[in-house]
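Participant: return atomic coordinates for the entry below.
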Amino acid sequence: MQVVFRIGTQQAEHPNTALIILRDEQHEDRLTGTSIGGGNIEIIAVNGFDVRFSAHYPTLLIFHDDYPGMLADITTIMKARQLNIGNMDLDRKSRSGDALTVIETDEPVPPQVAGQILELTHVHRVSLVDLAQGKEAAL
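Facilitator: Predicted coordinates:
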């Protein structure tokens with residue numbers, strides 16, 4: 001892994017803001033986060049989507065089309081596995097365009113659930129972040 005630090009010159013909405021760019025052969029992801037004190041962070045943007053989450057809890061990032069019933073399809077899968085949603089945030093690029101739904105749950109999310117969500121027709125990518133389990137997986 002190569003790590004490069006650069007000091008930005010653009011004005012940020014918070015003085016303790018960092019942009020992290022992660023690249024591999026398949027993806028480039030851009031996460032913007034802020035240090036909000038007490039050792040806590042808040043992610044405020046992912047790949048140009050304005051979303052907010054802490055990642056203190058198991059977190060699903062679901063990249064999908066803005067399509068009627070999409071949230072109902074996702075939450076139906078989660079309900080069947082007795083997963084409680086603690087926080088949810090959604091942003092879209094345009095009506096019927098690209099969208100990102102972020103869901104933080106109270107309990108660990110089995111990889112099979114992320115896989116079921118990925119199988120939904122209008123879902124393009126699912127990432128599962130569970131810092132307590134020490135893992136991040138892109139499906």
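
Participant: just checking, Lys100 touches Ile43?
Facilitator: Wrong residue type there; residue 100 is Leu, not Lys. No - checked against C-beta atoms under 8 Å, the pair Leu100 and Ile43 is beyond contact range at 11.3 Å. Yep, even glycine has a C-beta here, placed from its N, CA and C like the rest.

Participant: what do the two both touch?
Facilitator: Residues touching both Leu100 and Ile43 (C-beta atoms under 8 Å, 6 or more residues apart in numbering) are Val51.

Participant: partner residues bridging the residue most central in space within the chain?
Facilitator: Taking C-alpha atoms, centre = their mean, the centroid of the chain lies closest to Leu61, which sits 3.2 Å from it. Counting by DSSP bridges, Leu61 is bridged to Val102, Ser127.

Participant: that one is in contact with His124, isn't it?
Facilitator: No - Leu61 lies out of contact with His124 (C-beta under 8 Å); the separation is 11.2 Å.

Participant: so which residues of the chain form strands?
Facilitator: 17-23, 28-37, 40-46, 59-65, 85-92, 98-105, 123-130, 135-138 (DSSP state E).

Participant: any chance of those strands in TSV, with distance to Ile7 and mean pLDDT too?
Facilitator: Formatted as TSV, the entries for the strands of the chain read as follows, by distance: least, C-beta to C-beta, whole Å; pLDDT from 0 to 100:
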stretch	distance to Ile7	mean pLDDT
strand 17-23	11	88
strand 28-37	15	90
strand 40-46	19	92
strand 59-65	27	97
strand 85-92	28	97
strand 98-105	28	98
strand 123-130	27	94
strand 135-138	26	54
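
Participant: right, I'll call it a day here.
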